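**Q** Here is my input; please provide its structure:
(chains A and B)
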Amino acid sequence: MTRSLQKTSPVLDGADSVVVLDFETTGLSPTQGDRAIEIGAVLIEHGQITDRFQQLMNPGFRISGFIENYTGITQEMLESAPPCEEVMAQFADFIGDHNLVAHNASFDRRFLDAELGFIQRDYGGGFACSMLIARRLYQEAPSHKLGVLVDYKNIPNDGVFHRALADSEMTARLWLLMLEDIKEQYSIAPVSFGLMQEVSQKPKASVARFLRAQA
DNA sequence: TGCCAGGCCCTCTTTAGGGCCTT
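**A** Numbers count the residues shown, from 1 in each chain, chains lettered A, B, ... in the order given. As a prediction, this is how the structure comes out:
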């Protein structure tokens, strides 16, 4: 169950389309045998969401009760889903060479790399982490979990968490809000993907100075 | 039955340890 995002005023230039993605998985580590069980993603173009991707996938083994409770995704739901390889081939076509964004991107990147590796596919875009940027822009936030940031920044949501498309849509709203905040606070426009990547790598204490120098 | 990973970041740091964040 999803719904459209409210329109957001464009703050990106035309070349800075990004795909915001989120995996639900059987656990924390693909190197320990964990697999993806759902992928959700939205495409942002010109500062607005223009496309969506959501698909459950069958990892080929029984998932834990913890994951069923955490995500609401049941074993029964996965038994009727297509295998990971089929879904990830479709998803590789969806992301193409777009730049990518995820909340705690190191996690999603590990699974993206692992699942695409199984089918000998790759991607050509960069990867940015909304959590690392939020830690720098919103240093006073009570935490930088996605759900806490959504509440802290009053980001509209339908109350669904830990499902791939819902989390990717909330991450996309957070991403667009961070672009708006940088634009308004530092008079930078357009705010490029490359600039956001740079922000994510700056020491916390020097981010404001760095952004002021970009104006 | 209980536990498992990994990158980032802070500090009582760098010859380390532990919290945060993702499922």
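**Q** close to DNA strand B, is whatever helix or strand A:Leu78 lives in?
**A** Per DSSP states H and E: A:Leu78 is located in helix A:75-79. No: residues of helix A:75-79 are not located near DNA strand B by CB under 7 Å from any atom of the strand, the shortest gap being 12.4 Å. Backbone N, C-alpha and C define where each C-beta goes, glycine included.
**Q** Go through the helix or strand just after that helix and flag the buried ones.
**A** Using DSSP H and E, the next helix or strand after helix A:75-79 towards the C-terminus is helix A:84-95. Neighbour counts over helix A:84-95 (16 or more other CB atoms under 10 Å) mark A:Cys84, A:Val87, A:Met88, A:Phe91, A:Ala92, A:Phe94, A:Ile95 as buried.
**Q** Could I get the buried residue list for stretch A:103-120?
**A** Going by 16+ other CB under 10 Å, stretch A:103-120 has these buried residues: A:His103, A:Asn104, A:Ala105, A:Phe107, A:Asp108, A:Arg109, A:Arg110, A:Phe111, A:Leu112, A:Ala114, A:Glu115, A:Leu116.
**Q** what's the distance between the first one and A:Phe23?
**A** In this structure, A:His103 and A:Phe23 are 11 Å apart, going by CB to CB, to the nearest Å.
**Q** what's near enough to touch the residue nearest to the spatial centre of chain A?
**A** Geometric centre of chain A, nearest residue: A:Ala102, 2.7 Å, by CA atoms, centre = their mean. A:Ala102 is in contact with A:Val20, A:Leu21, A:Asp22, A:Asp108, A:Arg109, A:Phe127, A:Cys129, A:Ser130, A:Thr171, counting by CB atoms under 8 Å, 6 or more residues apart in numbering.
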